[in-house]
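**Student:** quick one, what's the 3D model for this:
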Amino acid sequence: MRRKIGGTNLEVFPIGLGAMPLGIRGSLPLDAAVAVIHAAIDAGMNFIDTANVYCTDNQDIGLNERTIASALKSIDDSDVVVATKGGLVRPQGRWERRGSPQDLRGACEKSLEDLNVEAITLYQLHAPDALVPFADSVGELARLKSEGKILNIGLSNVDRNQVDEAMSIATIASVQNRCSLFHQRDLSNGLIDYCRQNSITYIAYSPMGGGTNHVALRDEPVLSQLAEKHEVTAYQIVLAWLLEKSDNILPIPGASRRSSAVSSANAVNVQLSAEEVAQIDRIGSD
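**Tutor:** Got it, this is the predicted structure:
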């Protein structure tokens, strides 16, 4: 059932935990956030995606990572893969890109400290910085890898041309972009297939659509019918659909409640037919 991360020897549960909700809108109390992480792990999830900027502003940089470190401290975490990111900052709550080699090195070294690890298993460029040559950003990640500070390199919010450029510099293990029923760009433009052909895992963030689309899923008739048929939720149907689209997709739904994390993990048990997958495809193309 597990899926490999790119061409590495890392094997993870087909659905990961997106840790962003644990701190992005004003953090949960630490014990509540830790409980969500433990529930996800107990349900089978062993991939946790975070970032140094999953916080309210620059004063709290690393908060999400420190929360994860606290959660893992009290359990056997030898099977857990934690992926984090660098390349953004949060001045006064804004999102600003900082992809210079100096910025990335500083962010990575702070993440090492906040995660309390000697090496980061998967370190991702959070987003290309238009003010910095892309090759410079990726090159710094390659240097950090050569120094043993990161073990694998990932990219986020990138297109195919950027993936190509990055692959000419370093081995790329993952690409993390937005992908959902209402945001199928990378399914239709071939990027997901291209990643699969190049042994790159495609990490799908906001798999429920985010914001209003998240709510809209509950009101979609086809999803409601399929959810009733399979005796699951519409959200589980959408996750099962994503898993069926390609074997290199790793959805990372967020959770701020233990029940949500467990529900997402249980979506791996939903078996959709080819006809049902086609029905769901048509929703996003309407």
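**Student:** quick one: the helices in the stretch 1-150 of the chain, in order.
**Tutor:** 30-42, 63-73, 101-115, 134-146 (DSSP state H, counting those that start in this stretch).
**Student:** could I get the CA-only coordinates of stretch 10-18 as CSV?
**Tutor:** The C-alpha coordinates for stretch 10-18 follow below in CSV (Å, rounded to 0.1, in the frame of the first residue of the first chain):
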residue,chain,number,x,y,z
LEU,A,10,11.5,6.2,1.7
GLU,A,11,8.2,4.5,1.8
VAL,A,12,5.1,6.4,3.2
PHE,A,13,1.4,5.9,3.7
PRO,A,14,-0.5,7.0,0.6
ILE,A,15,-1.9,10.0,2.4
GLY,A,16,0.1,12.4,4.5
LEU,A,17,-0.7,15.0,7.1
GLY,A,18,-0.6,18.7,6.1
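**Student:** picking up where we left off before, out of the helices of the stretch 1-150 of the chain, flag the one nearest Ser180.
**Tutor:** helix 30-42 (19.6 Å; CB to CB). For glycine as for every other residue, the C-beta is placed from the backbone atoms N, C-alpha and C.
**Student:** so which elements touch the closest one?
**Tutor:** strand 17-18, helix 63-73, helix 258-266 (3 or more CB pairs under 8 Å, 6 or more residues apart in numbering; DSSP states H and E).
**Student:** out of those, indicate the one that is most buried.
**Tutor:** Highest mean neighbour count among these (mean count of other CB atoms under 10 Å): strand 17-18, with a mean of 29.
**Student:** and that one, how far out from the chain middle?
**Tutor:** The chain centroid and the centroid of strand 17-18 are separated by 6 Å under CA atoms, centre = their mean, to the nearest Å.
**Student:** is it true that Leu223 touches Ala240?
**Tutor:** No - under the criterion of CB atoms under 8 Å, Leu223 makes no contact with Ala240, lying 10.8 Å away.
**Student:** state the mean pLDDT of stretch 277-286.
**Tutor:** Per-residue pLDDT over stretch 277-286 has a mean of 84.
**Student:** buried residues in it?
**Tutor:** 279-280, 283-284 (16 or more other CB atoms under 10 Å).
**Student:** Val36: which of these is nearest?
**Tutor:** Ile280 (27.5 Å).
**Student:** for that closest one, what is the enclosing helix or strand?
**Tutor:** Using DSSP states H and E, Ile280 sits within helix 274-285.
**Student:** cool, and Gln176?
**Tutor:** Short version, using DSSP H and E: Gln176 is in strand 172-178.
**Student:** okay, the helices and strands packed on helix 30-42 in TSV with mean pLDDT next?
**Tutor:** Output for the helices and strands packed on helix 30-42, formatted as TSV (pLDDT from 0 to 100):
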stretch	mean pLDDT
strand 17-18	98
helix 63-73	96
helix 258-266	98
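**Student:** of those, give the one that comes closest to His38.
**Tutor:** helix 63-73 (6.2 Å).
**Student:** who's in contact with the closest one?
**Tutor:** 19-20, 22-24, 27, 30, 33-34, 37-38, 48, 50-52, 54-55, 80, 82, 84, 111, 114-117 (CB atoms under 8 Å, 6 or more residues apart in numbering).
**Student:** quick one, that helix and helix 101-115 angle?
**Tutor:** 40 degrees (axes from the mean of the first three to the mean of the last three CA atoms, to 10 degrees).
**Student:** give me the angle between helix 63-73 and helix 30-42.
**Tutor:** With the same axes, to 10 degrees applied, the angle from helix 63-73 to helix 30-42 works out at 60 degrees.
**Student:** wait, Leu191 sits on Asn157?
**Tutor:** No - here Leu191 lies out of contact with Asn157, judged by CB under 8 Å, at a distance of 11.9 Å.
**Student:** who touches both of the two?
**Tutor:** Contact with both Leu191 and Asn157 is made by residues Asn177, according to CB under 8 Å, 6+ apart.
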